[in-house]
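**Q** pasting the sequence and the predicted model now:
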Amino acid sequence: MQPFTEKVIKQIKAIPTGEVRSYREIAMEAGSSRGARQVARILHSMSAKYDLPWHRVVNAQYHIALPKGEARDTQISRLRQEGVKVDEQGKIDLS
């Protein structure tokens, strides 16, 4: 496994319950300010294998990035269960 991938997995696992991080924030914390898309690929391909809390990762505007459908609904539901305020359009309330 590449060092960046290991760091990304570690960063994602470290997101506390009830909080979210953007793909870009995770990439920067893992050492690559331009690695947001790579973070998305890591999440997509490794979430199940490493039991990653994928639902806590959102886009840079703090919106749910997934298209409408079951996965998006699951992400919104899980975030709300953790106390994160998410509106019907998928926007995270950071206040």
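**A** That came through, no problem. Numbering: from 1, shown residues only.
**Q** check contacts around the most centrally placed residue in the chain.
**A** Taking CA atoms, centre = their mean as the criterion, V57 is the residue nearest the geometric centre of the chain, at 1.2 Å. When contacts are counted by CB atoms under 8 Å, 6 or more residues apart in numbering, V57 touches 12, 15, 20-23, 26, 39, 43. (C-beta placed from N, C-alpha, C; glycine too.)
**Q** need these in CSV with neighbour count, secondary structure and pLDDT, can you?
**A** As requested, these are exported to CSV (neighbours: other CB atoms under 10 Å; DSSP: H, G, I helix; E, B strand; the rest coil; pLDDT from 0 to 100):
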residue, neighbour count, secondary structure, pLDDT
I12, 23, helix, 98
I15, 18, coil, 98
V20, 21, coil, 97
R21, 21, strand, 97
S22, 19, strand, 97
Y23, 22, helix, 97
I26, 27, helix, 98
V39, 27, helix, 97
L43, 20, helix, 95
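**Q** which one among those residues gets closest to T5?
**A** V39 (9.6 Å; CB to CB).
**Q** hmm, back to that, for the residue nearest to the centre of the chain, which residues count as its bridge partners?
**A** R21 (DSSP bridges).
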